[in-house]
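In: With the sequence up front, the predicted model follows.
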Amino acid sequence: MSKPIFTSFVIALLLILPFASVASGDEQFGNAHRERIMNFEVETPRSFGYVIGDEIVHEARIAVKAPLLLVPDTIPQREKISDWLTVKKVEVRERDGNGGRAYTLRITYQIFHEPDQLEWLTIPERKLGFAGGGDALEAVIPAWSFTVMPFVPEGADEFAKDRPAMAVPTLWPLVRFATFTAIFLGLALTLFYRKWGRILFGYRGSFARAERDIRRMLRDGAWSETQEKEALKRLHRAFNETAERPFFAHQLPEFLGAFPWFRTEERAAKEFFNESERAFFGISGDRAPVSRQSILDTVRLLKRAERRRGR
């Protein structure tokens, strides 16, 4: 019989077996001890379809009559049984039963074997000792066989060799397109704003903010010397904010050199500083009040010049 036919036959045979089984352990004791065992069952999983790294759990349930107790030294420990099998974990639960003691022993094995083809392996038997009242006995968890198969089935390389390479979809073209689009739109929006944004959205420079504040300041109440000085101070602050430092009248040529778009309003700026000096430092006879309209006209001229920077 050829190897593929034999393998198919074994797999088909295994598929008709139950996935788990519960075996009674009565045959593991002689007649002299059978009356001392109230219950002995071993539950095992399916016996086929395992690969390297899989875990297999066996659970033994044993109930013995008093005064018998499980001997601790006979409980399986975490250990390497062979080159292909280890005991990974052992759990023991016990409780009082009717006239005795009941134990549940759960053993987890792990496989470290990868055969070239389907192969039968056997977990060796386990002996549990019980003692008490001058008597002793052994309970045997029987050996258990199962099949393990290669992680990569035989012939997989030849099968893959005859198949065309599979195209793996990737998001890279979409990511690259989105990146280029974002960069292009960012540059376009920047250029648009530099050309038209200040006009469309309103440029809020130092003098534009000053003009807004002065209009609010002069909206209510009669024109007074206090309002006049507050409006002049606000316009002085606009010059300081533009120059980014305290700014004085004698520095006007330097200011116009740094900000040439204000040169068309040089006359208005000089008149403002002259009026401000008389308002704050002039003597009573020399002092002439600055009108509301004069301050508004000056700040609007400077705001208009400020907006030219964005054109």
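Out: That came through fine.
In: for the helix or strand encompassing residue 43, packing partners?
Out: Assigned by DSSP states H and E, residue 43 belongs to strand 37-44. Strand 37-44 sits against strand 21-24, strand 55-65, strand 100-111, strand 135-141, with contacts defined as 3 or more Cβ pairs under 8 Å, 6 or more residues apart in numbering; DSSP states H and E. No exception for glycine: its C-beta is placed from N, CA and C like everyone else's.
In: Buried ones in it, by neighbour count?
Out: Of the residues in strand 37-44, 37, 40, 42, 44 count as buried by neighbour count, 16 or more other Cβ atoms under 10 Å.
In: So in terms of bridging, what pairs with the third one?
Out: Put plainly, it is residue 42. For residue 42, the beta-bridge partners are residue 23, residue 60 (DSSP bridges).
In: Considering the buried residues of strand 37-44, which is situated nearest to residue 83?
Out: Using Cβ to Cβ, residue 44 is the member of the buried residues of strand 37-44 that lies nearest residue 83, at 22.3 Å.
In: I figured the closest one hits residue 58, correct?
Out: Yes. Using Cβ atoms under 8 Å, residue 44 is in contact with residue 58, at 5.5 Å.
In: joint contacts of these two?
Out: residue 144 (Cβ atoms under 8 Å, 6 or more residues apart in numbering).
In: quick one: the helices in the stretch 201-311 of the chain?
Out: For the stretch 201-311 of the chain, the helices defined by DSSP state H, counting those that start in this stretch occupy 206-217, 225-243, 252-258, 266-281, 292-307.
In: now the strand holding residue 43: how far from the chain's centre is it?
Out: Here the centre of strand 37-44 is set off from its chain's centre by 48 Å, with Cα atoms, centre = their mean, to the nearest Å.
In: got any ranges where this protein has weak pLDDT?
Out: 1-34, 152-169, 192-204, 220-221, 282-288, 310-311 (pLDDT under 70).
In: Give me the domain ranges for it.
Out: Using automatic domain parsing, the domain ranges for the chain come out as 3-150, 203-310.
In: count of neighbours near residue 280?
Out: 12 (other Cβ atoms under 10 Å).
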